[in-house]
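> Starting from these lines, generate the structure:
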Amino acid sequence: MRKTKTAAVMILLAGLSLWGCGDSQTGDSDMEVEAAEEMTAEVEVGKDGSITETLVEDFAEAYYDEESLKTMILSETAEFSRNHTDGTVSVDKLEQKDGAVMVQISYSSAEVYSEYNTDEYNSKQLFCGTVKEAYDAGYSLDISMQDTKGEKTIGKAELLEMGEQYILISENPMRVKVPGKIQYASSNVTVSGKSEARLSGDEAAEEKYYIIYK
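The predicted model follows:
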């Protein structure tokens, strides 16, 4: 079974801290997952459609095995890129400072991001494109969205009229930055700046997060 790659990075980070403590109890796996869920994730969409994902986790330096982490991530990304000629994944940064670990990974497109992080057991789909492209790809646009001032609500009919405007659709909570001004967002999205937002909510509910920008 192939783990979702980003989730695997998170779990390894958590596991490295536990291994450093010398723990070998049966509850370690649950602790690793819990620690992984506390990791912060940020996704930035480039003007060319590329995706940059930044993962940050706090660690005590004594428990951090940078070489093990680096070897695992570089191996995973290299294997993916060898087997997928239509897209690339690369590690831009992997550094430790002041007890925190930061990993930055670049994907050539949202489609590559989704494929790299999704398998039959895990799903981390991300779409970035026009409203028309999202509709043609089969995404449900039967949703309600509000403008950033909370003054106007739109639904499917209005969305379909915005065919050439850009939309981001995510299955996972995270912080996002888009290459334009956010116009509308679904109720589970908190707009925190002109082009920044936080997707929050119950991940187990399998809800989707929507942002319209231009």
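> Quick check: can you list the domain ranges of this protein?
The record's domain parsing of the chain by automatic domain parsing lists 5-116, 126-213.
> Pipe the ones you listed into TSV and attach mean pLDDT and mean neighbour count per row.
C-betas here are computed from N, CA, C, even on glycine. As requested, these are exported to TSV (pLDDT from 0 to 100; neighbours: other Cβ atoms under 10 Å):
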stretch	mean pLDDT	mean neighbour count
domain 5-116	73	16
domain 126-213	93	16
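> Centre of the chain to stretch 154-174, how far?
In terms of Cα atoms, centre = their mean, to the nearest Å, the centre of stretch 154-174 is found 18 Å from the chain centre.
> repeat for stretch 153-167
Centre to centre, stretch against its chain (Cα atoms, centre = their mean), the figure for stretch 153-167 is 24 Å.
> which residues touch that stretch?
Outside stretch 153-167, the residues that touch it by Cβ atoms under 8 Å, 6 or more residues apart in numbering are 127-132, 134-135, 141-147, 178, 180, 183-184, 210-214.
> Return the subset of these lying in strands.
127-130, 145-147, 183-184, 210-213 (DSSP state E).
> between the residues you listed, which is closest to residue 88?
residue 128 (16.5 Å; Cβ to Cβ).
> Show the contacting residues for the closest residue to that closest one other than its chain neighbours.
Sequence neighbours aside, residue 110 is the residue nearest to residue 128 in space, at 4.2 Å (criterion: Cβ to Cβ, 6 or more residues apart in numbering). By Cβ under 8 Å, 6+ apart, the residues touching residue 110 are 45, 49, 51, 126, 127, 128, 129.
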